[in-house]
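Peer 1: just coords:
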DNA sequence: TTGAAAGCGTTACCAC
DNA sequence: GTGGTAACGCTTTCAA
């Protein structure tokens, strides 16, 4: 017990000299306290898990995800909490190690796949028990252990639409990957709703690329452009937009004169392209950090202060539209 | 015990009917096995920790790091191991939560900062006890619980130098961030060694940007270009190279005609720029995956099959040099 | 085929 | 100030 008191810094409970002796032994023996034993005793793991559904093995490569996870991780580290990260294919979601065994005080998740599948995963996560934050989804839930955190992709899509309407538009193509993400659906929805209400005559098409990979997108768009050239291409993300720009270039189109191009999630890519991208800025890092705050509040015994948080986004004008 | 046998799938030890009953109760009670208790009993956590030293709070944003961590995480997930991820400022390295408490079966690390500091952190990590893999460092160690895994940045820098020597060169600038990374040092070393041996008359300067941030790099390079224009700029990474391209453009320089530019770690950025970047391809994902293999081998009781693994890199020619 | 007992390393509680 | 005792949930061992 005295050793335990020293380790945990209960300085007033231990005589100075005893403390010294204990500290020396700790240094000599290279002792580190066993986290499992501590967790077992306190029934508190000081650890949060995040499960990320994605078909891309390099799931942390997505700039939105990497920023969100960084923000969450840093906030938790500051409070001496650990973050377990696991990527998982959407079909295998429920068998993720993190979910099968109870080793985290709270869970976070990013889902993808068909809406029904995402809903099923959402329900599964809720039933697991521990406090849960799901990012970038728009489900309803009245469970008190669940909170949703997402950015306002609907408004983002709408803002892009309004921006594009400054030029005369007859046709728009929305390019997105086959894989379903709630955020992408919302972007398209926001875009279409403004276009429809402003002008019935604009032709809006959706173009699916097999994956988010550069080649797939470039090929799909190039093929499309061969048959007809829309007035604008709205890409679901900036990296798609980067591939779209190349497709336009290879078809001899000038952006933005012949065709406008926009992205989404302005992190870095928009700066590198020529012209720079008109895009929508995403507060991904802050969302991760905020989720950490919500969770810690909840773990302190309070209830979630918000069950649904929507982060605003902002249009950022580049040269591409 | 019977319950335990059911949970662990020791089917032959339990009568079918008993198993059914247990499974029903598990479903009804929403039971998940407690990982801490299991770890304590088995003295095995089924978890690996990775500590990443970085001054950038969004430490997972770096494309090399995000790919490496994804590769490691996926490999571990496949074996039902968990990955704890923590970013930490180099000054606070030793106080990282993951390191203070023993909660992982093995550790991984990516270091940065002045060489002496990195060495100190390396020694600290070794003394912790559990099997350790350090990425992107070139230290020596004969401890049997340590392995080093890095890519051949020396050869990468040399390859770039040889490529650049195809044009007549009088002066080269190597642009890098203030923050020290072993990989960056190696790239510079490889570059300089070839330049020196091939031609004594080439002037090689190093230009330090305050951070890796786009604006910092662009400003630093633009200012430099105002006083003189070298024949080539070798950037420490692709994202620096992206900023360098903008600086060149804003100074009215044509790349590659007036000046050559190269990057490093060809993941995505090189595709987006105009012209595309001449860069060096990095096997980051594979390095993470491979580290996972090494660790699991080691945790199975064998010793590290290799204490120092060097991954080859390859030059990828773009339009910028 | 089932289950009782012991012990993994820690901390809350309490007696000294 | 110090340290004995019990208990956290699990698995190994062994007896029933």
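Peer 2: Received it, and whenever you're ready, just let me know what you need. This one's a predicted model, so the numbers in the text were calculated from it and none came from an experiment.

Peer 1: what about the helices in chain A?
Peer 2: Secondary structure of chain A by DSSP state H: the helices cover A:2-7, A:16-29, A:35-42, A:63-78, A:97-100, A:115-128, A:153-164, A:182-198, A:214-227, A:238-250, A:269-272, A:284-299.

Peer 1: What parts of chain A come near DNA strand C?
Peer 2: Along chain A, the residues adjacent to DNA strand C under the rule CB under 7 Å from any atom of the strand are A:1, A:4, A:7, A:8, A:33, A:34, A:37, A:38, A:40, A:41, A:42. C-beta here means a position set from N, CA and C on the backbone, and glycine is covered the same way.

Peer 1: Go through the helices of chain A and name the closest to residue A:142.
Peer 2: Distances from residue A:142 to each of the helices of chain A were compared using CB to CB; the shortest belongs to helix A:115-128, at 10.2 Å.

Peer 1: in the closest one, what's buried?
Peer 2: Neighbour-count burial for helix A:115-128 flags A:117, A:118, A:121, A:122, A:125, A:126, A:128 (criterion: 16 or more other CB atoms under 10 Å in any protein chain shown).

Peer 1: that older thread, nearest to residue B:62, out of the helices of chain A?
Peer 2: Proximity to residue B:62 (CB to CB) singles out helix A:63-78 among the helices of chain A, at 8.4 Å.

Peer 1: for that closest one, packing partners?
Peer 2: The elements that helix A:63-78 packs onto, with contact taken as 3 or more CB pairs under 8 Å, 6 or more residues apart in numbering or on different chains; DSSP states H and E, are strand A:47-53, strand A:82-88, strand A:106-110, helix A:284-299, strand B:82-88.

Peer 1: sorry, back to before: can I have the buried ones of the residues of chain A next to DNA strand C as a PyMOL selection?
Peer 2: Of these, the buried ones go into a single PyMOL selection, burial set by 16+ other CB under 10 Å:
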select buried, chain A and resi 7+34+38+40
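
Peer 1: so residue A:72 touches residue A:108, yeah?
Peer 2: Yes: if you go by CB atoms under 8 Å, residue A:72 and residue A:108 touch, sitting 6.7 Å apart.

Peer 1: list the residues that contact both of the two?
Peer 2: Common contacts of residue A:72 and residue A:108, defined by CB atoms under 8 Å, 6 or more residues apart in numbering or on different chains, comprise A:48, A:50, A:291.

Peer 1: May I see these arranged in JSON lines, with distance to residue B:156 and pLDDT as well?
Peer 2: As requested, these are arranged in JSON lines below (distance: CB to CB, whole Å; pLDDT from 0 to 100):
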{"residue": "A:48", "distance to residue B:156": "37", "pLDDT": "98"}
{"residue": "A:50", "distance to residue B:156": "33", "pLDDT": "98"}
{"residue": "A:291", "distance to residue B:156": "38", "pLDDT": "98"}
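
Peer 1: Could you chop chain A up by domain?
Peer 2: Here the domain parsing of chain A from automatic domain parsing is A:2-33, A:42-151+A:283-312, A:154-281.

Peer 1: between those, which gets nearest to DNA strand D?
Peer 2: With CB to the nearest atom of the strand as the criterion, DNA strand D lies closest to domain A:2-33 of these, at 3.4 Å.

Peer 1: measure the closest one end to end?
Peer 2: In terms of CA to CA, to the nearest Å, the two terminal residues of domain A:2-33 are separated by 14 Å.

Peer 1: starting at the chain centroid, how far to it?
Peer 2: Centroid separation for domain A:2-33 versus its chain: 42 Å, with CA atoms, centre = their mean, to the nearest Å.

Peer 1: Could you pull up the residues touching residue A:119?
Peer 2: For residue A:119, the contact set (CB under 8 Å, 6+ apart) comprises residue A:139.

Peer 1: let me redo that: residue A:26
Peer 2: Taking CB under 8 Å, 6+ apart as the contact definition, residue A:26 lies against A:6, A:7.

Peer 1: Of all the helices and strands packed on helix A:63-78, which one comes closest to residue B:314?
Peer 2: For the helices and strands packed on helix A:63-78, the distance to residue B:314 is smallest for strand A:82-88, at 26.4 Å, taking CB to CB.

Peer 1: List the neighbouring strands of that closest one plus their orientation.
Peer 2: Each strand paired with strand A:82-88, and its direction, by DSSP bridges: strand A:47-53 (parallel), strand B:82-88 (antiparallel).

Peer 1: Next, the angle helix B:63-78 makes with it.
Peer 2: Strand A:82-88 and helix B:63-78 meet at an angle of 80 degrees, taking axes from the mean of the first three to the mean of the last three CA atoms, to 10 degrees as the criterion.

Peer 1: Report the inter-axis angle for strand A:82-88 versus helix A:115-128.
Peer 2: Using the same axes, to 10 degrees, the inter-axis angle of strand A:82-88 relative to helix A:115-128 is 150 degrees.

Peer 1: What does the pLDDT read for residue A:297?
Peer 2: Per-residue confidence (pLDDT) for residue A:297: 96.

Peer 1: For it, give me its contacts.
Peer 2: Residue A:297 makes contact with A:304, A:305, according to CB under 8 Å, 6+ apart.

Peer 1: got it, and residue A:318?
Peer 2: Residue A:318 makes contact with A:270, A:275, A:276, A:277, A:278, A:279 under the criterion CB under 8 Å, 6+ apart.

Peer 1: TSV for the residues you listed, including pLDDT and neighbour count?
Peer 2: As requested, the contacts of residue A:318 are exported to TSV (pLDDT from 0 to 100; neighbours: other CB atoms under 10 Å in any protein chain shown):
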residue	pLDDT	neighbour count
A:270	95	27
A:275	95	16
A:276	96	18
A:277	97	30
A:278	98	25
A:279	98	31
